[in-house]
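> quick one: sequence and predicted model below, then my questions.
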Amino acid sequence: MTSDPRLRGLYAITHSALCAAELIERVAAALQGGARLVQYRDKSQDRSRRLAEAQALRRLCSERQALLIINDDVELAAKVAADGVHLGREDGALELARARLGPGAIIGISCYNDLDRAAAAAAAGADYLAFGRFYPSQSKPGASPAGLEVLREARGRFDLPLVAIGGITPENGPPLIQAGADMLAVIQALFGQADVAAASREFSALFGPQMNPDGRK
C-alpha cells in the first residue's frame, strides 16, 4: 500500500458525454460521496472550453481538498496549476512532464498489462502506476485485458501507489483492492449513474469508513 494517504481511494475520471453541461455538479457529487482524486479527461479540440472546465475543477477540488489530475495535457495542467498529469503511451515523456510541472507534481503512467513499462516508469520517477482494463469497459472496449496477477506482481515489485481501471463496479472492485490496488479509477459506474454521490459512496466504502465522509453506505 502507498504511504501517501492522498493516493488511495476512488479515482473519478470525467467523461465528456456522461458529464456534459453538468460536469462541475457531477464531480461535486462524486467528491461529496468520497472520491479523493479527479482526473479531467476530455479529448476534444475545444481549447477554450477545456481551459474553463479545468479551471472550474481546480477551484472545486481545492475547496474539497481533493487532487486534480489532467489527462495527457501537460500544458493545460500547468495553466490551471493542477496537482498533476496522467500520461498514456502516446502522451509524451514523463521526464518532459516533470521538467514542466516541477518536482511536486503527481505524474501517473498508464501501464496497461505491461510490467516492463511499469518498471521503466518507476525508474523515471512516476508517482503512481495504472493497470487495466480488468473488466469489459464501455469507455475503452478495445483495450487490452489485464489480470489480477498483474496487480499482484506489481504490488510485489513496486513501492508505488497502484491504480486499477477498466469496467470496475462496487461489486467487482474488492478483488482488485485485495490484489494490491490503492485506487480504483472509475468512469461509467460513477458518472453513468443517476445518483453520482450514492455511487461514489459505494466505491468509497470499499476502502473503509474513513473514505466515506458522511458515514452512509
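Sure thing, it's come through.
> what residues are bridge-paired with the spatially most central residue of the chain?
Centroid-nearest residue in the chain: residue 11, 4.1 Å away (criterion: Cα atoms, centre = their mean). Beta-bridge pairing of residue 11 under DSSP bridges involves residue 37, residue 185.
> I'd say it and residue 183 touch.
Yes - using Cβ atoms under 8 Å, residue 11 is in contact with residue 183, at 4.4 Å. Heads up, the C-betas are built off the backbone N, CA and C, glycines and all.
> identify the contacts common to these two.
Overlap of the contact sets of residue 11 and residue 183 (by Cβ atoms under 8 Å, 6 or more residues apart in numbering) consists of 36-37, 163.
> ok, the residue nearest to residue 199 when sequence neighbours are not counted - how many residues close by?
Leaving aside its chain neighbours, residue 199 sits nearest to residue 193 (4.2 Å; criterion: Cβ to Cβ, 6 or more residues apart in numbering). The local packing of residue 193 (other Cβ atoms under 10 Å) involves 18 other residues.
> which stretch of helix or strand covers residue 193?
Counting by DSSP states H and E, there is no helix or strand that carries residue 193.
> low pLDDT regions in this structure?
The model of the chain has pLDDT under 70 over residues 1-3, 140-141, 210-217.
> for it, which helix is longest?
helix 47-64 (DSSP state H).
> report the separation between the residue nearest to the centre of the chain and residue 121.
From residue 11 across to residue 121, the span is 17 Å (Cβ to Cβ, to the nearest Å).
> likewise for residue 206?
Distance of residue 206 to residue 121, computed by Cβ to Cβ: 26 Å.
> looking at these two, which is more packed in?
Legend: neighbour count by other Cβ under 10 Å for residue 206 and residue 121, higher for residue 121 (24 against 20).
> let me see the contact set for the nearest residue to the more buried one once chain neighbours are set aside.
Leaving aside its sequence neighbours, residue 121 sits nearest to residue 109 (Cβ to Cβ, 6+ apart; 4.0 Å). Under the criterion of Cβ under 8 Å, 6+ apart, the contact list for residue 109 reads 86-87, 94, 117-118, 121, 126, 128-130.
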